[in-house]
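Novice: Just need the structure, nothing else, for what follows:
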Amino acid sequence: MRRFPPERIVCLTEETVETLYLLGEEDRIVGVSGYAVRPARVRREKPRVSAFTSADIPKILALTPDLVLTFSDLQAGIVVDLVRAGVAVHAFNHRDVAGILAMIRTLGALVDARDRAEALTTGYEDRLARVVDLVRGRPRARVYFEEWDEPLISGIGWVSELVGIAGGDDVFPELARQAAAKDRIVSPEAVLAAAPEVILASWCGKKVVPSRIALRPGWADMPAVAQGRIHEIKSPLILQPGPAALTDGLDAILSALGHPPVPGSPTLPILG
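Specialist: Residues are numbered from 1 along each chain as shown. Next up, the predicted model:
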């Protein structure tokens, strides 16, 4: 890092973009992932320099960043290219709710906004606790979260945790800790045997078609299908391990499970 706090930051995934905006530090951002959509104005304010597993390295270097923020082993190749080019990189690799909260605190420290990051994180922790209180004692539904449809891929760690916080039980909890998607592939027969009462689906970059799910061979008698409880959650709300998942993503899960949303999503300023 050439200076502290860094004045020119490139964010190659969405959750760090949203966090910096929430902290009021968006002026430091000079480039973002093409998937960054929160807040909505980011698409007109910041140049796009990457997809998820690929990036325009010359374009990033032309922005002369002090720091590039990445996420997961899937961006390891990008990290190598940037480090070899002399760029400072911080690679996040969190896969659970605790990791999301730690990411916010870490990012706050990196931009010298520790107090605001702590206030934001504490607000999320308080809200999660209110959700747990809201659903305590209510009937819990068996939930299958589908991250992809060809092949079927079940939900990752933070999604499984949020399902539990919202009053559901992940039907494949043993798979949620597997970071790699290939290790979370399930068979249609396994889902049928698990007999979920609710299906939540978020196909990254592709619209969910509930009728296609309902028409899978043998699934008509599955409780979730028979009762019409197939719900799409937009991927920017749940598949990014950041503030969106803890607020709008969690609210979407609550709604699908028949619970009211919990008011008071913390924002430092209001996103727009």
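Novice: Going by C-alpha atoms from here, please, whenever you check contacts or count neighbours.
Specialist: Fine.
Novice: Make sure R136 is actually in contact with I165.
Specialist: No. With contacts defined as Cα atoms under 8 Å, R136 does not count as touching I165, sitting 9.5 Å away.
Novice: okay, which residue is most central for this structure?
Specialist: Q240 (1.9 Å; Cα atoms, centre = their mean).
Novice: Provide the backbone phi and psi angles at that one.
Specialist: phi -110, psi 130 (degrees, to the nearest 10).
Novice: list the contacts for the closest residue in space to K59 that isn't next to it in sequence?
Specialist: In this structure, K59 finds its nearest non-sequential neighbour in V49, 6.5 Å apart by Cα to Cα, 6 or more residues apart in numbering. Applying Cα atoms under 8 Å, 6 or more residues apart in numbering, we find V49 in contact with L12, G31, V32, S33, G34, A55, D56, I57, K59, I60.
Novice: Show the buried residues in these.
Specialist: L12, G31, V32, S33, G34, A55, I60 (16 or more other Cα atoms under 10 Å).
Novice: of all those, which comes closest to R184?
Specialist: Nearest to R184 among these, counting by Cα to Cα, is L12 at 24.2 Å.
Novice: Might one say that the closest one is in contact with I29?
Specialist: No. Contact criterion Cα under 8 Å: L12 and I29 do not qualify, at 10.8 Å.
Novice: quick one on the thing from earlier: so how far is R41 from the residue nearest to K59?
Specialist: Going from V49 to R41 by Cα to Cα, to the nearest Å gives 16 Å.
Novice: can you map out the strands along the stretch 101-250 of the chain?
Specialist: 141-149, 152-154, 168-170, 198-201, 230-232 (DSSP state E, counting those that start in this stretch).
Novice: Show me which residues of stretch 26-44 are buried.
Specialist: 26, 28-39, 42-43.
Novice: Now intersect those with the strands, please.
Specialist: Counted as lying in strands by DSSP state E, out of these, are I29, V30, G31, V32, S33.
Novice: any idea how the chain splits into domains?
Specialist: Using automatic domain parsing, the domain parsing of the chain gives 1-93, 134-256.
Novice: Kindly reformat the contacts of V49 as TSV containing pLDDT.
Specialist: Formatted as TSV, those follow (pLDDT from 0 to 100):
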residue	pLDDT
L12	98
G31	98
V32	98
S33	97
G34	94
A55	96
D56	97
I57	97
K59	98
I60	98
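Novice: Tell me where the longest helix sits in this structure.
Specialist: In terms of residue count, the longest helix belonging to the chain (DSSP state H) is helix 114-135.
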